[in-house]
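K.L.:
Below: sequence and its predicted model.
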Amino acid sequence: MPSKTLLKPLMLLGAAGVLAMSASGAAATTGNSGLYLGGGMGEWHGDRAFDDTADHWKLVGGYSVGWLPFLDLAAELAYVRGSALSGEVNGQPATLKVESVEAAGLVGWSLGPLGLYAKVGMADWNAQQRGPGVDDDDSGTDPVYGLGVRLRLLDMTGRLEVERLDARRIGNHDRVSLGLVYTF
């Protein structure tokens, strides 16, 4: 009989401990909330006549809301600039440079310091084609979307992203980048 009386309070204490640990674990999995700034670099791949790979870099800034357990939401602005892609226009060698200003919404799943996210937005881009007999400038506004994985340590977050600028007039441009952002 005395063991049954001790067992019930111990079970209740154990259940309360598990619930407390679960609640603190859920709070720890939410992302950092606030303003963030950062940058990244990587490779981008062109399409059509400029089926080539070159380097690119970007600057990002945004605001993240991480107050929901396991769910991160953010709005982000980015400036992206790529090095020249090589290709051919009218049988002549040419280069293509693209820069864009992008606005996107991000939705992420937080797993503690590790997280996965998707982004969807629009890019306002400018392109320059240069070469013998080629001197074209073009611009447009087209969708940009991507997937990423992040690793957070204190206020710094490392990111690995795969993105696509779906530009109809100059073709699709796929980017892979590694970046770092700081949350204030």
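P.N.:
Here it is on my side, so go on. All of these numbers come straight from a predicted model, not from anything done at the bench.
K.L.:
From now on I want contacts and neighbour counts done on CA atoms only, so please keep to that.
P.N.:
Will do.
K.L.:
which ones are touching Gln92?
P.N.:
Gly131, Pro132, Gly133 (C-alpha atoms under 8 Å, 6 or more residues apart in numbering).
K.L.:
Let me see the confidence value for it.
P.N.:
According to the model's per-residue confidence, Gln92 sits at a pLDDT of 91.
K.L.:
partners of it in the sheet?
P.N.:
Following DSSP bridges, Gln92 is listed with bridge partners Val89.
K.L.:
ok, now Asp136?
P.N.:
Taking DSSP bridges, one finds Gln129 as the beta-bridge partners of Asp136.
K.L.:
can you check Leu178 too?
P.N.:
When bridges are taken as DSSP bridges, the partners of Leu178 come out as Met41, Leu160.
K.L.:
And the one 5 residues further on, by the same measure?
P.N.:
Residues in a beta bridge with Thr183, per DSSP bridges, are Tyr36.
K.L.:
What separation is there between Arg150 and Ala118?
P.N.:
To Ala118, Arg150 is 11 Å away according to C-alpha to C-alpha, to the nearest Å.
K.L.:
Please name whichever of the contacts of Gln92 scores lowest on pLDDT.
P.N.:
For the contacts of Gln92, the minimum pLDDT belongs to Gly133; the value there is 85.
K.L.:
Excluding sequence neighbours, find me the nearest residue to that one.
P.N.:
Closest residue to Gly133 in three dimensions, ignoring its sequence neighbours and counting by C-alpha to C-alpha, 6 or more residues apart in numbering: Gln92, at 7.9 Å.
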